[in-house]
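Participant: quick one, what's the 3D model for this:
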Amino acid sequence: MKQFFILLSLCCGFFTTDSFANCSENNEQCTEIGKWEFSVAVGAGVATNPVRDGDNVPLVILPYINYYGDKFFFDNTTTGYTFVEQDRFDVSFIAQLNTEQAYFERFHPSNILVKNTFTGESSNPVITPEPDESNPPTSQPGSDGVDSDGDSGITDDGNDSNNDKEEQPEPNEPAESISLDTISKRDWALDGGILAHWYFENSSKLTLVWLHDVTNTYQGYHGSLDYSFVIPIQTDNPSRLKIKLGAEYKGKALVDYYYGISLKDSQSQHHLYQGKSTVNPYVGVAFNYKLNSSWQLKFSARHTWLGSGIKESPLVDQNSSSNIFIGGLYEF
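Facilitator: Coordinates of the predicted model:
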């Protein structure tokens, strides 16, 4: 039932009226508004899972859906409303699924609608109808405005101390094993907060996101700050190389809810862990090469270095997470 209300909330931003932005054909900072965009990427890739015994997610077929109205917009798992809009910056209220839980559940939407791979980005020049004299020019957030991340379980060989009081664990052996099947369930969460963009010359921008758990699941905050820029390259067909550098902040409450180990998860003192706030730096790259009017060649990758608050958890056995994808993108 909780998942139903989360998805229902995301749908609230779908309804708006048509209008158009006065975007130039080569302007990377804005996108045509008043139009639904559908595309699907088909190829090969993987998103790694840093949680012990968590399954890596294959990236084979990745759908992408977005819509930018005059104020409302929808971008895969994010919906928002832009309430401040200037030539060089904009500020929006957004709601989006928290992706941390995706490491604990294979069929989480974030494992299908993968934003961090830049998969949905288009290298097509932005072409819009002539501006309506009654509507002033507007600039909307780019289609990659918001980013995020997530996690899964553990296994260690050992004896169950509850089976027989006379049986004692070996001196250097945990009293019990711990895994996704034995820890308490990590629930879905819906975050709400602020998204802000500052636009610069040469198709670069600074993006700030600050979000709070509105479903009272982990009862905390998280955010990110990144700088993205396009590197001009000369090819026969339209193409684009984009780089993103940034860092995520994960608050103590979020880290403790997803990666902490309490007595609800394990009766062994060996596994108990209290999460703490952390910062995860990351870098991403995306390359688009237009093949024809419908198809593009896509390559994207992102690598995130986990901060100490997460990687010191007994649930985590890697120091980083990453995803990579190569294939073709078909735009309907």
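Participant: how near is the residue nearest to Asn319 when sequence neighbours are not counted to Val51?
Facilitator: Excluding the flanking residues, the one nearest Asn319 by CB to CB, 6 or more residues apart in numbering is Lys311, at 5.3 Å. Yep, even glycine has a C-beta here, placed from its N, CA and C like the rest. Distance of Lys311 to Val51, computed by CB to CB, to the nearest Å: 11 Å.
Participant: more neighbours: which of these two?
Facilitator: Val51 (24 against 17; other CB atoms under 10 Å).
Participant: looking at strand pairing, list the partners for the more buried one.
Facilitator: Beta-bridge partners for Val51, by DSSP bridges, are Val316.
Participant: tell me the pLDDT of it.
Facilitator: Per-residue confidence (pLDDT) for Val51: 88.
Participant: try the one 4 residues further on
Facilitator: As summarised for this prediction, Asp55 has a pLDDT of 86.
Participant: sorry, back to before: ok, now how distant is the residue nearest to Asn319 from Tyr221?
Facilitator: For Lys311, the distance to Tyr221 - CB to CB - is 20 Å.
Participant: next up, the contacts around the closest residue to Asp191 other than its chain neighbours.
Facilitator: Spatially, and ignoring its direct neighbours in sequence, Asp191 is nearest to Leu211 (3.9 Å; CB to CB, 6+ apart). The contact partners of Leu211, by CB atoms under 8 Å, 6 or more residues apart in numbering, come to 94, 96, 98, 191-194, 221-223.
Participant: kindly recompute the last result at 10 Å.
Facilitator: 94-96, 98, 146, 148, 189-195, 220-224, 251, 254 (CB atoms under 10 Å, 6 or more residues apart in numbering).
Participant: what subset of the residues you listed is buried?
Facilitator: Burial by neighbour count, 16 or more other CB atoms under 10 Å: within the contacts of Leu211 this picks out 94-96, 98, 146, 148, 189-191, 193-195, 220-224, 251, 254.
Participant: out of these, which sit inside helices?
Facilitator: Leu254 (DSSP state H).
Participant: intersection of neighbour lists for Lys311 and Val51?
Facilitator: Counting by CB under 10 Å, 6+ apart, the residues touching both Lys311 and Val51 are 259, 317-318.
Participant: distance to Lys71 added to those, as a markdown table?
Facilitator: Shown next, in a markdown table, are these (distance: CB to CB, whole Å):
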| residue | distance to Lys71 |
| --- | --- |
| Tyr259 | 37 |
| Asp317 | 44 |
| Gln318 | 41 |
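Participant: which of these ranks first by neighbour count?
Facilitator: That'd be Tyr259 among the shared contacts of Lys311 and Val51, by other CB under 10 Å, with 28 neighbours.
Participant: for that one, give me the pLDDT.
Facilitator: Reported pLDDT for Tyr259: 93.
Participant: tell me the contacts of it?
Facilitator: 50-51, 100, 103, 151, 186, 250, 273-276, 278, 306, 309-316.
Participant: now swap in Gln274 and tell me
Facilitator: Contacts for Gln274 (CB under 10 Å, 6+ apart) come out as 252, 255-256, 259-262, 309, 313.
Participant: same thing but 8 Å
Facilitator: Taking CB under 8 Å, 6+ apart as the test, what Gln274 contacts is 256, 260.
Participant: how about Arg186, phi and psi?
Facilitator: The phi/psi pair for Arg186 (degrees, to the nearest 10) reads phi -90, psi 120.
Participant: that one against Phe104, yeah?
Facilitator: Yes - using CB atoms under 8 Å, Arg186 makes contact with Phe104 at a distance of 4.5 Å.
Participant: re earlier: next, the contact list for the residue nearest to Asn319, please.
Facilitator: 50, 318-319.
Participant: any low-confidence regions in this structure?
Facilitator: By pLDDT under 70, the low-scoring segments of the chain are 1-32, 106-181.
Participant: all strands for it, in order.
Facilitator: 35-47, 57-68, 72-75, 78-85, 89-97, 190-200, 204-213, 221-231, 239-250, 278-290, 295-305, 320-331 (DSSP state E).
Participant: tabulate these in CSV, adding columns for distance to Gln269.
Facilitator: Output for the strands of the chain, formatted as CSV (distance: least, CB to CB, whole Å):
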stretch, distance to Gln269
strand 35-47, 33
strand 57-68, 33
strand 72-75, 45
strand 78-85, 41
strand 89-97, 34
strand 190-200, 33
strand 204-213, 29
strand 221-231, 29
strand 239-250, 25
strand 278-290, 23
strand 295-305, 29
strand 320-331, 28
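Participant: out of those, deepest packed?
Facilitator: strand 72-75 (a mean of 23; mean count of other CB atoms under 10 Å).
Participant: same for that strand, what does it pack against?
Facilitator: strand 57-68, strand 78-85 (3 or more CB pairs under 8 Å, 6 or more residues apart in numbering; DSSP states H and E).
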